[in-house]
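In: Below is the sequence, then the predicted model.
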Amino acid sequence: MGTRIADRYRLEVLLGRGGMGEVWRAHDPRLDRGVAIKFLAPQSAVGAVAAQRFHREAQVTARFQHPGITQIFDSGEQGGRLYLVMELLRGRDLGEVLHGRPSGLPVDEAVELTAQLAGALSYAHRLGIVHRDVKPANLMLLPDGTLKVCDFGLAGYVRADSGLTREGSVMGTPEYMAPEQWRSPRVDGRADLYALGCVLFALLTGRPPFPARGGLWTLMVQHLQTPAPRIAPLRPEVPDELDELVAELLAKDPADRPADAGAVVARLRAVGRRPSAPEPRTPAVPAAVPAVVHSGGLGLELHRNEFLAPGATEAHTILTVTGPSGAADRAAAGVPRALVLLVGLSPELPEADFRAVGAAVAAVIDGLDEDASFAVVAGSAYARMLYPDTQRLVRATAAAKAGARAALAGLEPVGAAAFGRWIRLADRLFAGHADAARTAILLTDLEAAAESADDLAAALASCAGRFPCHARGIGERWSVAQVRSVTSALGGTLDIVPAPASPTGTPGLHRELASLVDRTRRAGLRDLALRITTYDGGGVRYLKQVSPQFEDLSERGQPVGPGVTEYPVDIADDESLDFHLCVGLRPGREGEEVVAAELEIVQLPPTGDGRTLVRARMPVHRVGDPARPGPEPVAVDREALLRVIGEGLRAEGRSRSAEG
């Protein structure tokens with residue numbers, strides 16, 4: 001973008017936007033380094049006292065010198081907006097990591113990450129700073145395994161001293177809030193310990209102790225009164241001392257929790273040092289290792305040179321991933337069969353664009369198979385069904401399609417939107433549909449002016465994880481923050497369509513919308529990742545796609561566990577992708593047979609739950625080293641050998657003559 005902040009930092013890429021503000025990647029030419037800049041809401045919406053406190057806390061947190069806390073370099077105000085200049089982090093927050101590991105992380109990894117978190121909190125608490133918003137989304141896991149705590153000091157500033165609302169403050173934070181935090185904004189470090197216990201619980205089980213299923217009121221009652229579930233019944237392999245520590249961290253009374261974060265670090269490190277089963281060495285090769293495995297229409301085939309010298313420390317393979325072929329394979333893979341289109345268009349949208357949207361929706365419905373179901377909902381202050389008249393999904397028969405086209409031709413603009421009511425209606429429609437896979441698509445140029453933020457938050461909380469909702473923003477009036485909160489909570493995607501008509505005047509939205517629907521109807525092929533598990537610390541040396549085009553994917557891998565890395569895979573029907581994989585090995589002994597790596601294709605949220613669709617192994621056989629000299633060859637006198645052969649032939653001839 002090129003905009004300069006404080007005549008120094010040059011903005012480059014928008015990394016994220018929410019109710020709290022925006023985060024940009026920027027470049028600091030003075031020190032020639034990348035930084036992240038977080039802009040908060042306009043200072044006029046904050047007030048002078050809160051702004052002063054913001055600058056004071058920025059000064060305090062800028063003095064933090066801890067490897068587990070994001071470094072703050074600078075702060076200021078420009079154009080009426082407060083901003084922070086921070087360390088630019090590259091990695092994934094723990095919320096993203098947990099999306100890919102719905103059953104939780106390995107116990108040792110969860111303990112290690114929580115110990116790092118407790119160490120950072122201990123450092124901050126000694127300096128008198130309480131985070132107040134410890135949750136997976138504020139914990140960044142770097143590629144080298146380091147955990148970084150983000151947004152120190154900002155949580156108290158935003159929530160306690162201003163009228164600002166952080167995106168997720170109703171949706172996400174309540175799942176990790178200590179009982180005393182529900183009563184008063186003034187808390188001490190023991191509130192962070194409660195949140196740390198919630199994070200540890202989530203790392204071990206895949207979810208916090210009280211998931212957001214019944215709305216804000218239910219969450220508050222659970223945190224204040226309901227005893228937290230124990231870890232042991234959910235993860236029997238968890239040591240007793242770890243189960244007890246989690247229970248103490250989640251105590252309702254702050255006095256019953258550990259004395260401080262430092263004590264938590266010591267107890268976690270003790271769990272990490274406890275005697276346990278030996279670390280698994282590279283597993284032996286089973287009697288039969290399948291080279292080609294198919295599941296759900298997907299194929300995974302390995303072509304390898306599996307014979308290595310005992311001292312070799314690298315193993316190579318060419319692996320081929322093939323997509324399903326034909327409608328039968330797609331059906332077997334669990335293709336979504338239910339589609340709800342939520343349409344909200346304001347009077348300010350030009351007439352031509354308004355009609356283009358209706359035509360695009362009608363064209364998408366015309367393209368549905370007859371065994372699919374659909375509904376279209378028109379946006380208004382009270383969400384009403386556009387077609388059919390009753391609130392139910394209908395089969396995509398010829399008659400139903402014709403009725404939908406007629407109804408869409410009469411579509412009228414409305415003056416307000418109610419995103420929460422839309423989402424609840426979509427959920428009710430899906431609830432009576434037997435198909436497991438279903439999708440909602442939101443087309444809007446409206447702001448959600450017909451409902452409160454709490455109504456929207458409650459609707460999203462009750463429907464989170466039940467179906468994905470993808471959004472297309474049309475025109476200029478729609479609210480990015482509100483629509484993004486919908487797609488984030490429901491595991492969908494958000495795109496901006498500045499105008500649905502192309503420069504030639506022909507509808508351009510039709511192609512984009514049809515493409516979106518096509519992708520949702522092939523949910524079995526979306527959100528795929530190649531998961532590679534290596535042993536003995538060898539790791540993935542590199543992964544390169546070699547056909548149909550070349551691309552080095554080595555830097556795109558995301559660590560999700562000890563020796564486990566995931567790489568995104570995007571494959572279409574009847575497509576075949578070839579990859580060159582190189583993994584590290586420890587030296588072995590001659591005759592040894594081991595597995596160099598376990599390979600899986602997994603389906604991640606929002607369309608999957610981390611399940612493995614197809615799996616294969618990469619075996620290695622240790623053979624004699626070709627470079628090692630063998631026994632000296634026996635010298636042969638060629639002429640003498642020929643004389644012996646000749647004498648033998650002549651003798652055989654004389655014998656046959658005598659017999660005749």
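Out: Good, I have the coordinates.
In: Could you list the domains of the chain?
Out: Structurally, the chain divides into domains by automatic domain parsing as follows: 4-87, 92-273, 292-326+526-622, 336-521.
In: Let me have these in TSV, extended by mean neighbour count.
Out: C-beta: built from backbone N, CA, C; applies to glycine. Shown next, in TSV, are these (neighbours: other Cβ atoms under 10 Å):
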stretch	mean neighbour count
domain 4-87	17
domain 92-273	19
domain 292-326+526-622	17
domain 336-521	19
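In: could you dump those to CSV with mean pLDDT?
Out: Shown next, in CSV, are these (pLDDT from 0 to 100):
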stretch, mean pLDDT
domain 4-87, 79
domain 92-273, 82
domain 292-326+526-622, 79
domain 336-521, 74
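In: how far does the helix or strand hosting Val111 sit from the chain's center?
Out: Val111 is located in helix 107-126, with elements delineated by DSSP states H and E. Helix 107-126 sits 22 Å away from the centroid of its parent chain (Cα atoms, centre = their mean, to the nearest Å).
In: got it, and stretch 178-187?
Out: 31 Å.
In: Compute the first-to-last residue distance for it.
Out: In terms of Cα to Cα, to the nearest Å, the two terminal residues of stretch 178-187 are separated by 9 Å.
In: Need the residue closest to the centroid of the chain.
Out: Central residue check for the chain by Cα atoms, centre = their mean: the C-alpha nearest the mean position is that of Glu96, 4.1 Å away.
In: Helices of the stretch 301-450 of the chain, start to end?
Out: 326-332, 351-366, 398-409, 419-431 (DSSP state H, counting those that start in this stretch).
In: same for the helix holding Val111, what does it pack against?
Out: With contacts taken as 3 or more Cβ pairs under 8 Å, 6 or more residues apart in numbering; DSSP states H and E, helix 107-126 sits against strand 139-141, strand 147-149, helix 189-205, helix 261-273.
In: mind redoing it with 6 Å?
Out: If contacts are counted by 3 or more Cβ pairs under 6 Å, 6 or more residues apart in numbering; DSSP states H and E, helix 107-126 sits against strand 147-149, helix 189-205, helix 261-273.
In: Just give me how far the following helix or strand past the longest one sits from the chain centre.
Out: Right, the one you point to is helix 189-205. Downstream of helix 189-205, the next assigned helix or strand under DSSP H and E is helix 215-225. With Cα atoms, centre = their mean as the basis, helix 215-225 stands 27 Å off its chain's centre.
In: can you state the direction angle for helix 215-225 and helix 189-205?
Out: 110 degrees (axes from the mean of the first three to the mean of the last three Cα atoms, to 10 degrees).
In: ok, back up a step: residues in contact with the helix holding Val111?
Out: In this structure, residues lying in contact with helix 107-126 by Cβ atoms under 6 Å, 6 or more residues apart in numbering are 66, 68-69, 147, 149, 189, 192, 200, 203-204, 238, 261-262, 264-265, 268-269, 271-272, 561-562.
In: Using TSV, please lay out the helices and strands packed on helix 107-126 together with distance to Ala26.
Out: As requested, the helices and strands packed on helix 107-126 are exported to TSV (distance: least, Cβ to Cβ, whole Å):
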stretch	distance to Ala26
strand 147-149	18
helix 189-205	29
helix 261-273	32
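In: Out of these, the one nearest Glu301 is which?
Out: Nearest to Glu301 among the helices and strands packed on helix 107-126 is helix 189-205 (34.8 Å), distances taken as Cβ to Cβ.
In: which helices and strands sit right next to that closest one?
Out: Going by 3+ Cβ pairs under 6 Å, 6+ apart, helix 189-205 lies up against helix 107-126, helix 240-249.
In: Quick one: list the elements packing against the shortest one.
Out: For helix 240-249, the helices and strands in contact under the criterion 3+ Cβ pairs under 6 Å, 6+ apart are helix 189-205, helix 261-273.
In: do you know which of the ones you listed lies nearest Leu14?
Out: Closest among these, using Cβ to Cβ: helix 189-205, at 27.9 Å.
In: okay, the helix or strand hosting Val486 in CSV with CA atoms only?
Out: Element membership for Val486, per DSSP H and E: helix 480-489. In CSV, the C-alpha atoms belonging to helix 480-489 read as follows (Å, rounded to 0.1, in the frame of the first residue of the first chain):
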residue,chain,number,x,y,z
VAL,A,480,-16.4,-6.1,7.0
ALA,A,481,-16.2,-6.6,10.8
GLN,A,482,-19.7,-8.0,11.1
VAL,A,483,-19.5,-10.3,8.1
ARG,A,484,-16.0,-11.5,9.1
SER,A,485,-17.3,-12.4,12.6
VAL,A,486,-19.9,-14.6,10.9
THR,A,487,-17.4,-16.4,8.6
SER,A,488,-14.8,-16.7,11.4
ALA,A,489,-17.2,-18.2,13.9
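In: what angle do it and helix 419-431 make?
Out: Going by the same axes, to 10 degrees, helix 480-489 makes 30 degrees with helix 419-431.
In: How much space separates the residue nearest to the centre of the chain from Gln116?
Out: Shown here: Glu96 relative to Gln116, a distance of 17 Å by Cβ to Cβ, to the nearest Å.
In: Kindly report the same for Arg405.
Out: 58 Å.
In: quick one: contacts for the residue nearest to Leu368 when sequence neighbours are not counted?
Out: Distances taken as Cβ to Cβ, 6 or more residues apart in numbering place Ala396 nearest to Leu368, at 4.0 Å, with adjacent residues excluded. Each residue near Ala396 by Cβ under 6 Å, 6+ apart is listed here: 368, 370, 372, 374.
In: Spatially, which two of the residues you listed are the most separated?
Out: Longest span within these, Cβ to Cβ: Glu370 and Phe374, 11.1 Å.
In: what's the helix or strand for Arg531?
Out: Here Arg531, judged by DSSP H and E, is contained in strand 528-534.
In: Off-centre distance for that strand?
Out: Centroid separation for strand 528-534 versus its chain: 14 Å, with Cα atoms, centre = their mean.
In: Which elements pack onto that strand?
Out: strand 564-569, strand 593-603.
In: Figure out which of these is closest to Arg424.
Out: Here strand 593-603 is closest among those (Cβ to Cβ), at 27.0 Å.
In: Alpha carbons only: can I get that closest one in CSV?
Out: The C-alpha trace of strand 593-603 is given here as CSV (Å, rounded to 0.1, in the frame of the first residue of the first chain):
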residue,chain,number,x,y,z
GLU,A,593,14.1,-52.6,7.9
VAL,A,594,12.3,-49.4,9.2
VAL,A,595,9.7,-46.9,8.3
ALA,A,596,11.2,-43.6,7.3
ALA,A,597,7.8,-41.7,7.5
GLU,A,598,4.1,-42.1,7.9
LEU,A,599,2.1,-40.2,5.2
GLU,A,600,-1.6,-39.2,5.6
ILE,A,601,-4.1,-37.1,3.7
VAL,A,602,-6.3,-35.5,6.4
GLN,A,603,-9.3,-33.2,6.1
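In: Go ahead and name everything in contact with it.
Out: Here strand 593-603 has contacts from 282-283, 285, 298, 315, 527-529, 531-534, 583, 585, 610, 612-621, using Cβ under 6 Å, 6+ apart.
In: Look at the residue nearest to the centre of the chain and tell me its secondary structure.
Out: For Glu96, the assignment made with DSSP: H, G, I helix; E, B strand; the rest coil gives helix.
In: And it, how far from Ala440?
Out: 22 Å.
In: Check Asp570 too.
Out: Counting by Cβ to Cβ, the gap from Asp570 to Ala440 is 23 Å.
In: Please list all residues in contact with the closest residue to Ser547 other than its chain neighbours.
Out: The spatial neighbour of Ser547 that comes closest, neighbours along the chain excluded (Cβ to Cβ, 6+ apart), is Asp578 at 4.3 Å. Asp578 makes contacts with 320, 546-547, as judged by Cβ under 6 Å, 6+ apart.
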